[in-house]
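In: Below: sequence and its predicted model.
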Amino acid sequence: MKPKPERRPAAAASHNERSEHWRLDAGDDAVATLLVPPHASRERRFEISCSMSVQRVDDAELAWHQLRVLADGQQQWQRRVDTHAGIDGLDYRFERRVPPGQGLRIGVEVASSGARRRSLLIEVDEVRD
């Protein structure tokens, strides 16, 4: 079953509007996409956090894991590292401004060898100035 993103209002920014918080827990999936719908009348600024974890397979001589992050189809970051014994992972945080009438699509891809995927999480928080 495909994970559904959660949308929860964050702490109040004013009496009338709340900041947005979006979260997608994709479990051990290799790919996840979180879609934030557009706001019709204002620019928004978001802080985005993408994280993954893997567990090294006991008998693997060589093991690595990789995280690739895309925003609106453009690669923001990619890293491939050796996997240490036990549980290991990668995370990446960045900021993105979104003009009125435009949504935001965050895509994350995980790859590994000699390690088993454990978790994949995307969180997007609106920052109110």
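Out: Looks like it came in fine. The model shown is predicted, which means the values in this text are computed figures rather than measured ones.

In: residues contacting the residue nearest to residue 127 when sequence neighbours are not counted?
Out: Excluding the flanking residues, the one nearest residue 127 by CB to CB, 6 or more residues apart in numbering is residue 45, at 4.7 Å. C-beta coordinates here come from the backbone N, C-alpha and C atoms, glycine included. Going by CB atoms under 8 Å, 6 or more residues apart in numbering, residue 45 touches 95-98, 126-127, 129.

In: now the residues you listed in JSON lines, with distance to residue 74 and pLDDT?
Out: As requested, the contacts of residue 45 are exported to JSON lines (distance: CB to CB, whole Å; pLDDT from 0 to 100):
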{"residue": "95", "distance to residue 74": "15", "pLDDT": "98"}
{"residue": "96", "distance to residue 74": "10", "pLDDT": "97"}
{"residue": "97", "distance to residue 74": "14", "pLDDT": "97"}
{"residue": "98", "distance to residue 74": "14", "pLDDT": "97"}
{"residue": "126", "distance to residue 74": "21", "pLDDT": "97"}
{"residue": "127", "distance to residue 74": "21", "pLDDT": "95"}
{"residue": "129", "distance to residue 74": "24", "pLDDT": "78"}
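
In: Pull out the C-alpha coordinates of stretch 32-50 and format them as PDB.
Out: Coordinates of each C-alpha in stretch 32-50 appear next as PDB, following Å, rounded to 0.1, in the frame of the first residue of the first chain:
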ATOM      1  CA  ALA A  32       9.000   8.400  -2.200                       C
ATOM      2  CA  THR A  33       7.300  11.600  -3.500                       C
ATOM      3  CA  LEU A  34       5.700  14.200  -1.400                       C
ATOM      4  CA  LEU A  35       3.400  16.700  -3.100                       C
ATOM      5  CA  VAL A  36       2.600  20.100  -1.500                       C
ATOM      6  CA  PRO A  37      -0.400  21.700  -3.200                       C
ATOM      7  CA  PRO A  38      -0.200  25.400  -4.300                       C
ATOM      8  CA  HIS A  39      -1.400  28.300  -2.300                       C
ATOM      9  CA  ALA A  40      -3.400  30.700  -4.500                       C
ATOM     10  CA  SER A  41      -2.400  34.000  -3.100                       C
ATOM     11  CA  ARG A  42       1.000  34.000  -1.300                       C
ATOM     12  CA  GLU A  43       4.600  33.000  -1.700                       C
ATOM     13  CA  ARG A  44       5.700  30.300   0.800                       C
ATOM     14  CA  ARG A  45       9.100  29.300   2.100                       C
ATOM     15  CA  PHE A  46       9.700  25.700   3.200                       C
ATOM     16  CA  GLU A  47      12.400  23.900   5.100                       C
ATOM     17  CA  ILE A  48      12.700  20.300   3.700                       C
ATOM     18  CA  SER A  49      14.200  17.400   5.500                       C
ATOM     19  CA  CYS A  50      14.900  14.000   3.800                       C
END
